[in-house]
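[1] coords please:
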Amino acid sequence: MSRPSFLDRDFSDYDFQKNVAQMKLAMTTGSDYIPWTSQMSEFGLEYCQVPGKDFYTDAELFVKGHLHTCADFGFDTVDLMWDVYNIEVEMMGGEMTWFDDMAPAINNTNVLVKTEKDLAALKAPHPINSGRAQMIHDILHLYQEVSGGLSAPVRFCAPFTAVSHMVGFERLIILIREDPEFVHKIFKYYVEEVAAPYLNELFKAFPNAKTIGSDAIGSLGFITYDILDEFSIPYILRMKELTGGDSSPVEVDSWWGDSFTKNPIEFFERKLQVAPNHLKVQDPDLYKVGTVMSRNYATEHNLPLIFGVGNDICHEGSREDIYKVIHEYMEVGSSGPMGNKFALYLCSLSAQTPPENVRIIVEAINDFRKGDRPYEGLVESGERLWKDNSATKVEGDIQVQGADLGPALDDNIRPLMDEIYEGILDYDNTLVEELVANALEQEIEPDVILDNSLIRAMDTVGEEFATGELFVPEMLMAANAMKSGLEVLRPILTARKTKPKGIVVLATVQGDLHDIGKNLVAMLLEGGGFEVYDVGVNAAPDKIMAEAERVNADIVGLSALLTTSMPFMGKTVTAIKEAGHTYPVIVGGAPVSQEFADKIGADGYAESAVDAVVLAKRLMAAAVSAQQVSA
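    You can find the predicted model right below:
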């Protein structure tokens, strides 16, 4: 690669001091100026046209690439957010996967810790000379040099997300239930042997730096309050204790999931245990729980406030959409007696965010500051988007049945079906396995067991997740209990060639190594009576199509967690359609929306794993109806 010209750019005209000072005032004593910042390293990577591995391994490319991008687009401040979820796990020996046009990722298919023996074999990494730890020091030193002495925030991966990379998320959730003592040992190792020594070296070198801990997997969307209270908060506080105690700058403010609970204030209170100096609420939760409610809470508790604008609006929004969201967040955020303690944050500008949208965002912010406010007084956030809690959802002319009391059964059968049903809801794998075997011994038909206990239980789990009564861990544990019963039935169902509700091929698209959502969808589909084939992660279109053809798929489901992998989702849909395949393709994942699904020509979009099952049932029902009409 030839030397990029931006490495020799003079940044003396970029006012580092002013904007950083305004951000500090907004988060402490107050400022009439509304500062903003953005997570934008992948956007900078694309704008600078530098290969991903070079960008994330060369401190000069990384720092000056950020500065070049921020200066060209008129950003307030530079947010040097490296691939924060990887550094500490890479230091321990975690396997990295590199991409040309996005941040690298830990390969979660090859985890570090499966057993106590694996944990005992880990050697504490050197806090500077392991992995890319030295590069982080180089990044912070270089920024200090070019900014005239400013200290960029020290980023770190919070314990829960790091341990989920060490163990694997699904395995971690199961271990928390089955062997919590072992899980505590893993957390203790990460905090005391890896994270705290790493941070202490950074604090020694940059004593004036604040910290920002990232913990996406430790958010309420993925875990429960019980897990948060036992395995997340205490270990963040332990990190603080080991890095200076009360004087330590350690805090974690990146949790999302406020809209997953019926009472967001309970979640706010937990957020403040690990980031007590401000409240941060970000999309998609902010738009759902509402800017006004969030503003009122921060005012009542005398807290500086940060509103985070979601990547959907940055990536796909029209000019009008962008202006409406930016101006509402700035107007409500800066209102009231605490309104001068407010900042705006763009949650993620990715390599796929159109540069013209970024310019519109900057223009919208500057127009609001100047008093040009065409949507003054307009507040559109705050509608809780809870799903329908009824047992029957109506999709067009097709009714999709949810959880109910099951069809009429012989009085001798019903109690056993109810026991299996309750065993799944109690997450009791062993009991479910025994009861299903017992049902077979009583010569109850496998499809009766499947429909009236396993599928029925997972329908209930889906309904309760949709209403916020259950979270992802409970869904995973219920799905595992269901699978223990399904494994007893499977040989008989296979031998009898019992027809499944449908055959679904699932994959995480090329460029994305995340599989939590995909795996959850697979479990719920199996619980719904579907036969599922999982192609895995980072799957190319040809591989997905080959598997779909091999198993004669009725539906193909594509998942993406990263905005940077969304184009590969579009390419996969296009490849499938151009190849002449007629099976419907459904899509989902954190950055995906109905608008995006429509844009790429997908046949359906599911916002959650529960929605994916409902959608699959609807598509199969539609196919059956079409066959009946044609017959």
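[2] got any ranges where this structure has weak pLDDT?
    For the chain, the stretches flagged by pLDDT under 70 are 383-409, 564, 629-631.
[3] Could you break it into its assigned domains?
    Following the assignment in automatic domain parsing, the chain carries domains at 13-37+58-79+262-271+278-384, 81-255, 386-498, 501-631.
[4] Would you tell me which of these gets closest to Arg3?
    domain 13-37+58-79+262-271+278-384 (9.8 Å; CB to CB). Glycine gets a C-beta too; all of them are placed from N, C-alpha and C.
[5] Now find how far off-centre the closest one is within its chain.
    20 Å (CA atoms, centre = their mean, to the nearest Å).
[6] Give me the number of neighbouring residues for Asp15.
    Using other CB atoms under 10 Å, the number of residues around Asp15 comes to 11.
[7] same check, this time on Phe99
    23.
[8] now it: how far from Ser38?
    Phe99 is 21 Å from Ser38, where distance means CB to CB, to the nearest Å.
[9] Would you mind putting the domains of the chain into a markdown table with distance to Glu46 alongside?
    Converted to a markdown table, the domains of the chain look like this (distance: least, CB to CB, whole Å):
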| stretch | distance to Glu46 |
| --- | --- |
| domain 13-37+58-79+262-271+278-384 | 4 |
| domain 81-255 | 6 |
| domain 386-498 | 31 |
| domain 501-631 | 9 |
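[10] So which of these is nearest Met1?
    Closest among the domains of the chain, once you apply CB to CB, is domain 13-37+58-79+262-271+278-384, at 9.3 Å.
[11] Only the buried residues of the helix or strand harbouring Gln17, if you could.
    Per DSSP states H and E: Gln17 is located in helix 16-26. For helix 16-26, a neighbour-count test (16 or more other CB atoms under 10 Å) marks Phe16, Asn19, Val20, Gln22, Met23, Leu25, Ala26 as buried.
[12] Which neighbouring elements make contact with the helix or strand following that helix?
    Using DSSP H and E, the helix or strand that follows helix 16-26 in sequence is strand 36-38. Helices and strands touching strand 36-38, as assessed by 3 or more CB pairs under 8 Å, 6 or more residues apart in numbering; DSSP states H and E, comprise strand 342-346.
[13] now the strands for the stretch 401-550 of the chain?
    Counting by DSSP state E, counting those that start in this stretch, one finds strands in the stretch 401-550 of the chain at the ranges 503-508, 531-534.
[14] Of those, flag the one that's most buried.
    strand 503-508 (a mean of 26; mean count of other CB atoms under 10 Å).
[15] Paired strands for it, with orientation please.
    strand 531-534 (parallel), strand 555-559 (parallel) (DSSP bridges).
[16] In a markdown table: those strands, plus distance to Glu181.
    Output for the strands paired with strand 503-508, formatted as a markdown table (distance: least, CB to CB, whole Å):
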| stretch | distance to Glu181 |
| --- | --- |
| strand 531-534 | 31 |
| strand 555-559 | 33 |
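[17] Compare those strands and give me the one nearest Ala205.
    Short answer: strand 555-559, nearest of the strands paired with strand 503-508 by CB to CB, at 39.8 Å.
[18] Can you name the next helix or strand after the closest one?
    Remark: after strand 555-559, the chain's next helix or strand is helix 566-578, criterion DSSP H and E.
[19] Now do the buried residues in that next one.
    Met566, Pro567, Phe568, Met569, Gly570, Lys571, Thr572, Val573, Ile576.
[20] Between the residues you listed, which sits nearest Arg155?
    Checking those one by one against Arg155 (CB to CB), the nearest turns out to be Met566, at 24.2 Å.
[21] Verify the stated contact: the closest one with Val592.
    Yes - counting by CB atoms under 8 Å, Val592 is a contact partner of Met566 at 6.8 Å.
[22] So for these two, which residues contact both of them?
    Residues touching both Met566 and Val592 by CB atoms under 8 Å, 6 or more residues apart in numbering: Ala560.
[23] Where does Glu376 sit: helix, strand or coil?
    coil (DSSP: H, G, I helix; E, B strand; the rest coil).
[24] so can I have CSV of the strands of the stretch 401-550 of the chain showing distance to His68?
    As requested, those are exported to CSV (distance: least, CB to CB, whole Å):
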stretch, distance to His68
strand 503-508, 32
strand 531-534, 41
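[25] Which one of those strands lies nearest to Glu422?
    Of the strands of the stretch 401-550 of the chain, nearest to Glu422 by CB to CB is strand 531-534, at 24.9 Å.
[26] Tell me if Ile174 really is in a helix.
    Yes - the assignment for Ile174 by three-state DSSP puts it in a helix.
[27] could you pull out the helices for the stretch 251-400 of the chain?
    Per DSSP state H, counting those that start in this stretch, the stretch 251-400 of the chain carries helices over the ranges 264-274, 285-289, 291-300, 311-316, 319-333, 355-370.
[28] any chance of those in CSV, plus mean neighbour count and distance to Phe160?
    Converted to CSV, these look like this (neighbours: other CB atoms under 10 Å; distance: least, CB to CB, whole Å):
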stretch, mean neighbour count, distance to Phe160
helix 264-274, 18, 11
helix 285-289, 23, 18
helix 291-300, 19, 23
helix 311-316, 22, 22
helix 319-333, 21, 28
helix 355-370, 17, 31
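[29] Can you mark which positions in the longest helix along the chain are buried?
    Looking across the chain with DSSP state H, the single longest helix is helix 472-495. The neighbour-count check on helix 472-495 (16+ other CB under 10 Å) flags 472-486, 488-489, 493 as buried.
[30] pull the CA atoms of it into CSV?
    Provided in CSV are the C-alpha atoms of helix 472-495 (Å, rounded to 0.1, in the frame of the first residue of the first chain):
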residue,chain,number,x,y,z
VAL,A,472,-32.8,-13.8,26.0
PRO,A,473,-31.2,-16.0,28.7
GLU,A,474,-34.6,-17.5,29.7
MET,A,475,-35.3,-18.1,26.0
LEU,A,476,-32.0,-19.9,25.6
MET,A,477,-32.6,-22.1,28.7
ALA,A,478,-36.1,-22.9,27.7
ALA,A,479,-34.9,-23.8,24.1
ASN,A,480,-32.3,-26.1,25.5
ALA,A,481,-34.9,-27.8,27.7
MET,A,482,-37.1,-28.2,24.7
LYS,A,483,-34.2,-29.6,22.6
SER,A,484,-33.6,-32.3,25.3
GLY,A,485,-37.1,-33.5,24.7
LEU,A,486,-36.9,-33.1,20.9
GLU,A,487,-33.8,-35.3,20.9
VAL,A,488,-35.8,-38.1,22.4
LEU,A,489,-38.5,-37.7,19.7
ARG,A,490,-36.2,-37.1,16.8
PRO,A,491,-35.2,-40.8,16.0
ILE,A,492,-38.9,-41.7,15.8
LEU,A,493,-39.9,-38.7,13.8
THR,A,494,-37.1,-39.4,11.4
ALA,A,495,-37.9,-43.1,11.1
